[in-house]
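Visitor: What shape does this take:
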Amino acid sequence: MLDLILVILTVLSSFAVYYLGRRPPVRPPGPRGLPIVGNVLQMPRDYEWLRYAQWGVQYGVLQRVCPIVYLRLFTQNVYVLNSYHAAYEILDKHASRSADRPRAQLMVGELIGWNNGVAFSPGGPRHREYRKLLSSSLNTNAARRLSSLQQSSALELLRALLDSPQQLRDHIRASVGSNTVDIVFGEQISTPDFDYIALADDAHYKFALAAAPYRYAVDFFPPLKYVPYWFPGATFKRQARQWRAELEHLVVTPYNTVKERAARGVASPSYVANCINDSSADKLAVPKDHAIMWTAASLYTGGADTTIASILSLFLAMTLYPDVQRKGREEILSKIGTERLPTLDDKPSLPYIEAIVKELLRWNNIGPLGLPHRTTDTIVYQNYEIPPGSTVITNIWGMMHDENMYKDPFAFKPERFLGAAPEQDPTTIAFGFGRRVCPGLHLALQSLFINTALVLATMAIEPDGERPEVKFTSGAISQPEPFKCRVRSYSEAAKELILQE
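Guide: Below is the predicted model of the structure:
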């Protein structure tokens, strides 16, 4: 018995010496929190990136933005990255340790069900399977094969604007939505009882609300997920149950439609049909229904709303900056002429158009915070230690508007990416970091280039009355708030080109 007591005392003494002698981790600066709840009461409810950037300036030194701001939400460690260097060092160099998604975003992930999709899928075998499926359809070569579809979609938008330019926002949404459905499913999935684009728009609006980090109380205090649906005040549970049913209907129905057509040999070429055919051809393959249907839903989510937001930003920027619009048109006319419209093949000869695309990504990046990462192992940056299980938020908006990286960051200046000393390419920031980089970035850049080139080659854009105010929406996806502009064909020759094509 005495020996057992001595062993226990020895073990306890060893633990005491280890923990008492261990230097506590050095944490980055951040706002002082309260006991127990930490910084919960200081978390912004909307436009979170502005508050994070403000804290970056507040806790920075020598006119430099603080690269990391530390927050504590109950027992959750949260690290907000305000600098590109910090994001690169932490998320790119330690990609394998930071590829997971936080468990804390319970509302959008676990309760609504978006953790089945690509964006919120936990790191691991399933996520790797998703990325493998998507890479075959979204790599550079595969994306280029889809450029003709994107060209046709952009021309549809131009034709619609010739008829009713005052419905700009509706035309952009219809054009982009239709094009994305064609790419993903091969044809429009629409019946009197099921309109995919309308249902997807509604689901993505709700996704944007729920995906904002720590918007819901259950994200702060996970045990709330066990509250019954009928319990007073459990509105979020009833809301999540309804949104989950709508999401599953949106995901399963079009997949089953394409699968049935593929079985009959009448499915149009598409991402889903190609995946189904590849899976069927491999007799040893495990059925991939779940992976195919959820990557397809993620393709639409990641492709439609983000592209719509980018094209809206294009029209707003051209309304506000007529000199940029003029320079872009002059480059197209001088390099291509008036006998045809530009295509993706013209990209090498249109550097100013490409610079406009980059500035659109920087000026109002459509994913201001990206999506949070979760560390699975300790990561050390400078003298800061980020322990496993921490949430890492990338303040992409803050990086894009850091005066130490971009001069005059609130002005729209494509020239910043030209010349002998261009500023940081925003495509290395806008699409995320590490193993969570957006898999559709090549497709997105193609679409934005084609739309920008075709719009500037054919359309004149100007304010409708007063100069519009630059205002963008809050949420996981940010886009310009409604603004007024006049859109017309630049010339009769340009109009004829649109109609002929």
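Visitor: What distance do you get for Q239 to A217?
Guide: Distance from Q239 to A217, counting by C-beta to C-beta, to the nearest Å: 12 Å. (C-beta placed from N, C-alpha, C; glycine too.)
Visitor: Show me which of these two is the more surrounded one.
Guide: Neighbours were counted for Q239 and for A217 using other C-beta atoms under 10 Å; Q239 has more, 18 against 12.
Visitor: Would you mind giving the secondary structure of the more buried one?
Guide: helix (DSSP: H, G, I helix; E, B strand; the rest coil).
Visitor: Distance-wise, check it relative to Y216.
Guide: Distance from Q239 to Y216, by C-beta to C-beta: 9 Å.
Visitor: One more: D305?
Guide: 21 Å.
Visitor: The two: who's more crowded?
Guide: Neighbour totals were compared for D305 and Y216, and D305 leads with 25 against 19 (other C-beta under 10 Å).
Visitor: Who are the contact partners of the more buried one?
Guide: 204, 208, 477, 479 (C-beta atoms under 8 Å, 6 or more residues apart in numbering).
Visitor: The second one is in what secondary structure piece?
Guide: Assigned by DSSP states H and E, A208 belongs to helix 196-211.
Visitor: So which bits of the very next helix or strand once past that helix are buried?
Guide: Counting by DSSP H and E, the next helix or strand C-terminal to helix 196-211 is helix 217-220. Within helix 217-220, the residues scored as buried using 16 or more other C-beta atoms under 10 Å are 218-220.
Visitor: Quick check: which of those residues has the minimum pLDDT.
Guide: The member of the buried residues of helix 217-220 with the lowest pLDDT is F220, and it reads 73.
Visitor: I'd assumed L73 was in contact with it.
Guide: Yes. Using C-beta atoms under 8 Å, F220 is in contact with L73, at 5.7 Å.
Visitor: one step back: name the residues of the helix holding A208 that are buried.
Guide: Quick answer for helix 196-211 (16+ other C-beta under 10 Å): 196-197, 199-201, 203-204, 206-211.
Visitor: do the same with stretch 168-185
Guide: Neighbour-count burial for stretch 168-185 [16+ other C-beta under 10 Å]: 168-169, 171-185.
Visitor: repeat for stretch 457-467
Guide: Quick answer for stretch 457-467 (16+ other C-beta under 10 Å): 457-461.
Visitor: Can you flag which of those belong to helices?
Guide: Members of the buried residues of stretch 457-467 lying in helices (criterion: DSSP state H): 457-458.
Visitor: now, the most widely separated pair of the buried residues of stretch 457-467?
Guide: Within those, two members stand farthest from each other by C-beta to C-beta: A457 and I461, at 12.4 Å.
Visitor: that older thread, could you redo the contacts of D305 as a markdown table and give each row distance to V266?
Guide: Listed next are those as a markdown table, based on distance: C-beta to C-beta, whole Å:
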| residue | distance to V266 |
| --- | --- |
| H204 | 29 |
| A208 | 36 |
| I477 | 35 |
| Q479 | 37 |
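Visitor: I'd say Q325 and L456 touch.
Guide: Yes. Look at Q325 against L456 with C-beta under 8 Å: they come within range, at 6.4 Å.
Visitor: sec struct for L371, please.
Guide: Look at L371: counting by three-state DSSP, its state is coil.
Visitor: ok, the residue nearest to it when sequence neighbours are not counted - how many residues close by?
Guide: Excluding the flanking residues, the one nearest L371 by C-beta to C-beta, 6 or more residues apart in numbering is A119, at 5.6 Å. A count of neighbours around A119, defined by other C-beta under 10 Å, yields 22.
Visitor: what's in contact with the host helix or strand of V69?
Guide: Assigned by DSSP H and E, V69 belongs to strand 68-73. Residues outside strand 68-73 that contact it (C-beta under 8 Å, 6+ apart): 27-31, 33, 37-40, 42-43, 52, 55-56, 59, 77-83, 86, 104, 214, 220, 381, 384.
Visitor: With only the CA atoms kept, save that strand in PDB.
Guide: Written as PDB, here are the backbone C-alpha positions of strand 68-73 (Å, rounded to 0.1, in the frame of the first residue of the first chain):
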ATOM      1  CA  ILE A  68      -3.100  38.600 -35.200                       C
ATOM      2  CA  VAL A  69      -5.800  39.700 -32.800                       C
ATOM      3  CA  TYR A  70      -6.700  37.200 -30.000                       C
ATOM      4  CA  LEU A  71     -10.300  36.700 -28.800                       C
ATOM      5  CA  ARG A  72     -11.700  34.300 -26.200                       C
ATOM      6  CA  LEU A  73     -15.300  33.200 -26.600                       C
END
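Visitor: after that strand, next one along is what?
Guide: strand 76-81.
Visitor: Kindly format the C-alpha coordinates of that next one as CSV.
Guide: Only the C-alpha atoms of strand 76-81 are listed here, as CSV (Å, rounded to 0.1, in the frame of the first residue of the first chain):
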residue,chain,number,x,y,z
GLN,A,76,-12.9,28.9,-27.5
ASN,A,77,-9.6,30.5,-28.6
VAL,A,78,-10.1,32.7,-31.7
TYR,A,79,-7.2,34.2,-33.7
VAL,A,80,-8.1,36.8,-36.3
LEU,A,81,-5.5,37.2,-39.1
